[in-house]
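Undergrad: need a 3D model of the following:
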Amino acid sequence: MPAELPVAGVIRDVDGIPVAGVRVLRAGEELAISDAQGAFDLLLTTDADHTLTFAHPEYAPDHKPVRFEEGALGQHLSVVLTRRGALLVLDDAAAGGTLTGPLGGRVTFPADALVNGAGEPVTGPVALRISPVDFRRPLGRDSFPGSATAREAGGGDVELESFGVMDITFEDPDIRIAEGARATIEIPLTAGNLSNGTTTPLWFLDPETGIWQEEGQGEVIRRGGNAYLRGEVAHFSWWNC
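TA: Now for the predicted structure:
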């Protein structure tokens, strides 16, 4: 049997309040649930890298990679979760349209852009949630999901900088953007001071690894006196710029 080491931690929200009832999963298997103080503990084998998912109905999920260095005695994780945005409903998926969530985070669908699990066009109402991170909150920076490591399109690893990050999740997990289609997202920029018209790479969080992957780019726009990064994406998850 491979050796095991303890992994423990505390889960809080962006205001520093402990979050109870968070399921800690690995590859879909529940390993622990956070208690009233937001604490959890579990064991992981040392012979492989792991990705832990932190899931709660009221919060956007997080995916943290865990790797034990030689000689390690265990790991302690500090996890800060972002509350999920209110449920938004696109009246008719076939017609497309725009939905706006917290901090002005926005997604726009062209007509006939969504399909179900069988690849068939979706018609009628579709619900989703837009959940941006506000870096101005007390633990806003600590709520950055995933790892600080990112993989460039060319394959190299870099340390990731963030001006804004936003999760978009369909209420029905079988719904997705159709092959060849794109949705336009607008991520609220709550850090930095990027000039209007600046282009910057887009990165999505791979839930299987907890590593950010470069995919496409976006352009800074101004709307209502606030800055956003607008870009086109072919799938939803956490997106960072």
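Undergrad: contacts, neighbours, all on C-alpha from now
TA: OK.
Undergrad: centre of the chain to the biggest strand by length in the chain, how far?
TA: The strand spanning the most residues in the chain, taking DSSP state E as the definition, is strand 211-223. How far strand 211-223 lies from its chain's middle: 14 Å, per C-alpha atoms, centre = their mean, to the nearest Å.
Undergrad: can you check stretch 157-175 too?
TA: Computed by C-alpha atoms, centre = their mean, the separation of stretch 157-175 from the middle of its chain amounts to 3 Å.
Undergrad: distance-wise, check the closest residue to Asn116 other than its chain neighbours relative to Glu159.
TA: In space, Asn116 comes closest to Ile175 once its chain neighbours are excluded; the distance is 4.5 Å by C-alpha to C-alpha, 6 or more residues apart in numbering. The gap separating Ile175 from Glu159 is 32 Å, by C-alpha to C-alpha, to the nearest Å.
Undergrad: neighbour count winner among these two?
TA: Ile175 (20 against 10; other C-alpha atoms under 10 Å).
Undergrad: quick one, what contacts that one?
TA: Residues touching Ile175, when contacts are defined by C-alpha atoms under 8 Å, 6 or more residues apart in numbering, comprise Leu114, Val115, Asn116, Gly117, Val122.
Undergrad: and those, which of them are buried?
TA: Listed as buried from those are Leu114, Val115, Asn116, Val122; burial here means 16 or more other C-alpha atoms under 10 Å.
Undergrad: in contact with the second one, which residues?
TA: In this case it means Val115. Pro121, Val122, Ile175, Arg176, Ile177, Ala178.
Undergrad: can you rerun that using 10 Å?
TA: Val115 makes contact with Ala93, Ala94, Pro121, Val122, Thr123, Asp174, Ile175, Arg176, Ile177, Ala178, Glu179 under the criterion C-alpha atoms under 10 Å, 6 or more residues apart in numbering.
Undergrad: quick check: closest non-adjacent residue to the last one.
TA: When the adjacent residues along the chain are set aside, Glu179 lies closest to Ala234, with 7.7 Å between them (C-alpha to C-alpha, 6+ apart).
Undergrad: how near is the one you found to Leu202?
TA: 12 Å.
Undergrad: who touches both of those two?
TA: Here Ala234 and Leu202 share the contacting residues Glu215, Gly216, scored by C-alpha under 10 Å, 6+ apart.
Undergrad: in terms of neighbours, single out the busier of those two.
TA: More neighbours sit around Leu202 than around the other of Ala234 and Leu202, counting by other C-alpha under 10 Å; the figures are 22 against 16.
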